[in-house]
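# Sequence first, then the predicted structure:
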Amino acid sequence: MQGKNNKINSNAKSKLIILITLGILLALSPINMNTHSSITDNSNDISLDNENLKTSKISGKISINGNSGWLAFKSDGNCTGEGTYSDPYTIEDLEIDGGSSEACILIENSNVYYKIENCTVYSSGDYPTAGIMLNNSNNGHLIDNVCSPNFSGISLYNSHNNTISGNTANNYNNGYGILLWDCDNNTISGNTASHNFAGISLHIGGAENNDITGNNLFSNIVGIHIWVGSDNNIIRNVINNNSIYGIMFKAGAHDNDVYLNCFTENRLNAYDGEYNNRWDNGIKGNYWNNYTGSDTNGDGIGDVPYNIAGPVGSQDNFPLMKCPLSTTQDVGGIPIELIVIISVISGGALIGVATILLIKRKRN
């Protein structure tokens, strides 16, 4: 066993030395960092060799109403695609300032297939507007957008069968990172939401059969806030350091499934105000950093249930002894290895910080 550990430590040290050496070598080399963070009408700029940057000439707020609105938007040269499942209308690579008055991107009364990807939207107006706002719109894909700061990063009203994946809604959004109001059958996965009132919130109405999976929700007032909703799946989320609740079910939120999540360092990890919410899947529950039970047989499941705060006496019957997910949030949630890569590309300026953090992780 000692030999195996020595081999692992040796491999880790070798990997670290290679990364440091690469950073130092590239830091001494000239690197061309010509990048474009926003899109305006640059059709005559021959340096734009990325085809994605030609998707739209729009730099101001976008408002599309109805399927006919998409046709007009495309005919003006502002998006690509045909509005089908295999070839959705596509808006991407834009930077939009809402001017503190309206939604940066508003899609209404639409049921064609569309995609909004890799856009940066900020300074939208107050509630109910948002950085990206869908109203009575279905079949959208919102992917890898940065929606900060706004009152809400992304808001959906009466919108169904949408995918919200890989987006960021940080930096003191006044209301919600991601808000769903009377929305069913949406997938919310792999998003990061911090410094909001609620990272993810489901409000009045149906709010049924939504999948909330793999999100990173930290430093909000409430990580996940379910006012009214049922049959929603809340799985494999990291919910950390929220100042009041990690997750809160109000009365009216029932028959939701919550398991394989990691709750750490929230003031109160969970609150359940309604019956019939399920806090495990019958085999495994969630990780709770303040769980005090033991695991006498070493199967990774606590011997006694974890009690959920609230009037209904809910329990996680199979609390996990270890978090099954990565909870690394070093330097604002950026993985340390990515810091090393960024440092290499930028000339090695962050290599010292990355090295210290990587050594610390290896020791832990």
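Sure thing, it's come through. Numbers count the residues shown, from 1 in each chain.

# Quick one: low-confidence residue ranges for this protein.
Within the chain, the stretches with pLDDT under 70 are 1-59, 172-174, 205-206, 327-364.

# all helices of it, in order?
Taking DSSP state H, the helices of the chain run over residues 2-27, 66-75, 330-333, 336-345, 351-363.

# Report the distance from the second one to the chain centre.
Counting by C-alpha atoms, centre = their mean, to the nearest Å, helix 66-75 is centred 29 Å from the centre of its parent chain.

# which helices and strands does it pack with?
strand 62-65, strand 89-92, strand 105-110 (3 or more C-beta pairs under 8 Å, 6 or more residues apart in numbering; DSSP states H and E). Bear in mind the C-beta positions are built from the backbone N, C-alpha and C, glycine included.

# quick one, which of the ones you listed is nearest to Ile234?
strand 105-110 (25.8 Å; C-beta to C-beta).

# Centre of the chain to the closest one, how far?
Worked out by C-alpha atoms, centre = their mean, strand 105-110 lies 21 Å from the chain centre.

# Give me the sheet partners of that strand and which way each runs.
strand 62-65 (parallel), strand 132-137 (parallel) (DSSP bridges).

# want to throw those strands into CSV with mean neighbour count and distance to Thr292?
CSV is the format used below for the strands paired with strand 105-110 (neighbours: other C-beta atoms under 10 Å; distance: least, C-beta to C-beta, whole Å):
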stretch, mean neighbour count, distance to Thr292
strand 62-65, 20, 51
strand 132-137, 24, 42
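
# What's the separation between the nearest residue to Pro324 once chain neighbours are set aside and Asn286?
Residue nearest to Pro324 in three dimensions, not counting chain neighbours: Leu260, with 5.9 Å by C-beta to C-beta, 6 or more residues apart in numbering. Using C-beta to C-beta, to the nearest Å, we find Leu260 at a distance of 7 Å from Asn286.

# Spit out the residues that contact those two alike.
Common neighbours of Leu260 and Asn286 (criterion: C-beta atoms under 8 Å, 6 or more residues apart in numbering): Leu320.

# quick one, which of those two is more surrounded?
Neighbours per residue (other C-beta atoms under 10 Å) separate Leu260 from Asn286, with Asn286 holding more: 30 against 19.

# what's that one in contact with, if anything?
Shown in contact with Asn286 (C-beta under 8 Å, 6+ apart): Val258, Tyr259, Leu260, Asn261, Cys262, Phe263, Trp279, Asp280, Tyr306, Asp316, Pro319, Leu320.
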